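Trainee: When you get a sec, could you give me coordinates for this:
(one chain, ligands or ions: 1)
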Amino acid sequence: MPKLIEFENVTIHREGYPALREVTFSIETGEHTAILGPNGSGKSTLIKAITRECYPRYAPPVCRLRIWGKEVWHLFELRSLLGIVTNDLVETCVKPYSAMETALSGFFGSIGIWPNHEVTPRMEEEARKALAFFDIEHLAERKLTEMSSGEQRRAVFARALVHGPKALILDEPTNSLDVRAQREVRDSMRKLAEGGVTVILVTHHLPDIIPEIGRVITLREGRMHSDGSKEQGLRADSLSALFGVDVKVGSEDGYYHMW
Ligand SMILES: Nc1ncnc2c1ncn2[C@@H]1O[C@H](COP(=O)(O)OP(=O)(O)OP(=O)(O)O)[C@@H](O)[C@H]1O
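Mentor: So this is what the prediction gives:
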């Protein structure tokens, strides 16, 4: 089976400054992984490399970026393999469209549903299933602008899930949520992971690393800092070196936190 994601020696410059430097790693399907790093370490650039918003500086064979074994993807085709939910996308989706319309819009790569969109009964069924998966089926007709932040986020997760992707990349999924909404989003991530969707979490926030995630890749100043088991990656000494400040780490019920 091809690997889900492969970065080989990927360097990306933004405004002439190297935001990713010779990054090499690969993730197998089913390998729930956290990509962890401080602000400015290159996490968003890494996601933008996958979505082709940022291009590697060098062409193959010096540098390769493969998804499911392929270097060239149609973004539309990519969505059915790899869903990506960023905070920018959540913000863009928070419009007066219902949760149902938001989930359905995943089929069209649109924001909301437009008169030219042909919604089939199968699409409606898939959208309803995705909303039910994230426990917001009862909010199907509620506009996103009238929902809590946690509910909005789960509606956008549903939008990504309607394609039945093999993997979801979630970028700082609990950013600016209160403790209850954080818990709801983490529970959703756990359900995804248990339901067979590979979860790739991009974060600087340890408590988002759900117990199902076994591997942690860390980035610092655009470079790979470590890649290994969660137990290794989240040791106090390696996190202190990663964040450049002495930290302590605790864990409970499979969750980690640092202070
Ligand atoms: N639009 C841009 N133009 C130029 N440089 C950028 C741009 N966005 C980010 N950078 C630079 O690229 C580097 C990596 O930034 P990136 O946003 O990928 O990091 P990050 O780990 O996602 O940070 P954060 O956790 O703050 O979101 C940083 O040095 C940053 O200043």
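
Trainee: Show me where the stretch 1-150 of the chain has its strands.
Mentor: For the stretch 1-150 of the chain, strands defined by DSSP state E, counting those that start in this stretch occupy the ranges 5-14, 17-27, 33-36, 64-67, 82-85.

Trainee: most packed of the ones you listed?
Mentor: strand 33-36 (a mean of 26; mean count of other Cβ atoms under 10 Å). C-beta here means a position set from N, CA and C on the backbone, and glycine is covered the same way.

Trainee: End to end on stretch 28-48, go ahead and measure it.
Mentor: Here the two ends of stretch 28-48 are set 20 Å apart, with distance taken as Cα to Cα, to the nearest Å.

Trainee: thinking residue 204 is in contact with residue 40, fair?
Mentor: No - if you go by Cβ atoms under 8 Å, residue 204 and residue 40 don't touch, sitting 10.0 Å apart.

Trainee: Spit out the contact partners of residue 1.
Mentor: By Cβ atoms under 8 Å, 6 or more residues apart in numbering, the residues touching residue 1 are 28, 29.

Trainee: ok, now residue 87?
Mentor: The contact partners of residue 87, by Cβ under 8 Å, 6+ apart, come to 171, 172, 175.

Trainee: before we move on, what about residue 76?
Mentor: Neighbour list for residue 76: residue 109 [criterion: Cβ under 8 Å, 6+ apart].

Trainee: Do you know the pLDDT at it?
Mentor: Residue 76 carries a pLDDT value of 77.

Trainee: related to what we said a few turns ago, reformat the strands of the stretch 1-150 of the chain as a markdown table; add distance to residue 136 and mean pLDDT.
Mentor: Shown next, in a markdown table, are the strands of the stretch 1-150 of the chain (distance: least, Cβ to Cβ, whole Å; pLDDT from 0 to 100):
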| stretch | distance to residue 136 | mean pLDDT |
| --- | --- | --- |
| strand 5-14 | 28 | 96 |
| strand 17-27 | 28 | 96 |
| strand 33-36 | 25 | 98 |
| strand 64-67 | 29 | 93 |
| strand 82-85 | 15 | 92 |
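
Trainee: now those strands as a markdown table including distance to residue 54?
Mentor: Converted to a markdown table, the strands of the stretch 1-150 of the chain look like this (distance: least, Cβ to Cβ, whole Å):
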| stretch | distance to residue 54 |
| --- | --- |
| strand 5-14 | 5 |
| strand 17-27 | 8 |
| strand 33-36 | 15 |
| strand 64-67 | 10 |
| strand 82-85 | 13 |
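
Trainee: could the ones you listed be laid out in CSV, adding distance to the ligand?
Mentor: Listed next are the strands of the stretch 1-150 of the chain as CSV, based on distance: least, Cβ to the nearest ligand atom, whole Å:
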stretch, distance to the ligand
strand 5-14, 3
strand 17-27, 3
strand 33-36, 9
strand 64-67, 15
strand 82-85, 14
